[in-house]
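>>> following is a predicted model, sequence given first.
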Amino acid sequence: MIVPTGAEAHTFSNRPLSRRTLALEGFVLLLAAPFLTIPAAYPIITFAALLALGIVWALSLLPGRRVASPFDIIIAIWCVVLAVGIMITADPAETLSTATNLVLGLGVWRFLLISVGTRKALAIAIGFFLLLCLGFCLAGITRAEGLPKIQLLTEFNPFQDNLFPSFGSLTVHPNRVAGLICLYLPLLVSLTFMPPPGFRAWLWRVLLAGLTLLTTLMLVFTQSRSGWVGSVGGMFFLAVMWGLILPRSGSRRALRLAIAGWVLVGVLALAWIGPTRLQETWLNPPAETALGTLTTLNYRKELWPWAITAIQDFPFTGVGPGAFRNVALRLYPPDLVLLPGQDIGHAHNIFLQTALDVGLPGLVAYLALLFVAGAVGWRVARCEPEFRSISLGLVAGLIAVHIYGLTDALVLGSRLGVVFWFSPGLLAAMNNMVSYQYRQD
């Protein structure tokens, strides 16, 4: 979130695309988005939207019109494994929605790469990203009262359905809200405590602090333990990155002392709990604790082995994007008691789910994408202090959402999963901006 300078007409990007080309692709992506989100509602229009995007992307490959990024090879491999997963799926109806949402996510990534080339464009993109996340979260948190894991939080939940009647069908599962919060809360915290130039005025800091507080309250009332752990882990890594990159100062010393205290508290907590109690909790999750029932762990312990079995049976292709919910019951019926209308949904582990969707080659490509995102974010933070709050916040968000993803999943092919692609897209755009600046120097 960087304030435009007087030389805003100058672009850091190396993109050769004209404004007309950018406008065309943005317009096509905007029109296609609703139909890719709900493809089964209007299949003919969805096909037309996919065709239009394909034509626009094909035109971008013409000589002199390509925009390079460190993600290019990985994205190409990801597209190949996604295409294979779509072709082999046993449940085309389930795969359709997952596949089109993945295409939309790739479209978001690409448009950010080619269009964000100025400080003003970056500020707009970050603002849109945060507002989109906040909107989804406010829509989803209205259903948090449907999960009375912790009675006290249920009774005093300020985010009730009747406060947001207009959101209606936009509501999503509170656990998915927690995953989305993991993705963008570290960015908010980074911008609040280490604001970039131009956002150090009290008005901006109060606004960012207010959004951070609102998001934290939403996270608490999701009652998602995975979300809580993921967010704390993301904040820890955010603090570590800032502690490593800051120049010598009182702030760096204070931050490093806080990190050391954080680690000490964690070690003491583990020592107090002890390995015996941890093992007993894993083997026999208690029905009542201060944090609500832990019996949902049994659900995951039943599901994970079957997910691993499916990956072993379909290692190179997976079972098809979004198809595991049916394949699990068809080929590997777990001893689960499902409520009427309830389905498995996903493997409750983002890495297992990715391998199930697109096979082990797809999982390798996904891990490579995360590694490149982290490396690019760190490079941007080191080379351009003006972008440091954004890049470190985005990287910490990716770490947080994957800690959360160890016991749950913000599935990439879900409607909320589209938001995930903003992070690598913004990191790729900032990397090009920094690279162009150094070439000019």
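Done, it's in.
>>> so where's the stretch 201-350 of the chain uncertain?
Low-confidence segments of the stretch 201-350 of the chain (pLDDT under 70): 290-292, 334-343.
>>> helices of that one, start to end?
202-222, 225-245, 250-283, 296-313, 324-331, 350-383 (DSSP state H, counting those that start in this stretch).
>>> of the ones you listed, which is nearest Phe159?
Nearest of those to Phe159, taken as Cβ to Cβ: helix 202-222 at 5.7 Å. (Glycine included, C-beta is placed from N, CA and C.)
>>> now the helices of the stretch 201-350 of the chain in CSV, with mean neighbour count?
Putting the helices of the stretch 201-350 of the chain into CSV (neighbours: other Cβ atoms under 10 Å) gives the following:
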stretch, mean neighbour count
helix 202-222, 17
helix 225-245, 21
helix 250-283, 11
helix 296-313, 16
helix 324-331, 19
helix 350-383, 21
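>>> turn those into CSV, including distance to Pro92.
Formatted as CSV, those follow (distance: least, Cβ to Cβ, whole Å):
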stretch, distance to Pro92
helix 202-222, 33
helix 225-245, 31
helix 250-283, 38
helix 296-313, 18
helix 324-331, 11
helix 350-383, 14
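>>> of these, which is nearest Ala409?
Of all the helices of the stretch 201-350 of the chain, helix 350-383 comes closest under Cβ to Cβ, at 4.3 Å.
>>> and the very next helix or strand once past that closest one, what does it pack onto?
Scanning forward in sequence from helix 350-383 by DSSP states H and E, the next helix or strand is helix 388-404. Applying 3 or more Cβ pairs under 8 Å, 6 or more residues apart in numbering; DSSP states H and E, one finds that helix 388-404 contacts helix 174-193, helix 225-245, helix 350-383, helix 422-440.
>>> to Ile259, which of those lies closest?
helix 225-245 (5.4 Å).
>>> any idea of the angle that closest one forms with helix 202-222?
140 degrees (axes from the mean of the first three to the mean of the last three Cα atoms, to 10 degrees).
>>> reformat the helices and strands packed on helix 388-404 as JSON lines; add distance to Thr309.
Shown next, in JSON lines, are those (distance: least, Cβ to Cβ, whole Å):
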{"stretch": "helix 174-193", "distance to Thr309": "24"}
{"stretch": "helix 225-245", "distance to Thr309": "23"}
{"stretch": "helix 350-383", "distance to Thr309": "11"}
{"stretch": "helix 422-440", "distance to Thr309": "31"}
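>>> Val411: which of the ones you listed is closest?
helix 350-383 (5.9 Å).
>>> which strands and helices lie in contact with that closest one?
Using 3+ Cβ pairs under 8 Å, 6+ apart: helix 350-383 touches helix 72-88, helix 225-245, helix 296-313, helix 324-331, helix 388-404, helix 422-440.
>>> swap in 10 Å and give it another go.
The contact analysis (3 or more Cβ pairs under 10 Å, 6 or more residues apart in numbering; DSSP states H and E) places helix 350-383 against helix 72-88, helix 92-115, helix 225-245, helix 296-313, helix 324-331, helix 388-404, helix 422-440.
>>> what is the orientation angle of the last one with helix 72-88?
To tie it back to what came earlier, the one meant is helix 422-440. 150 degrees.
>>> tell me what angle helix 422-440 forms with helix 350-383.
Using the same axes, to 10 degrees: helix 422-440 against helix 350-383 is 30 degrees.
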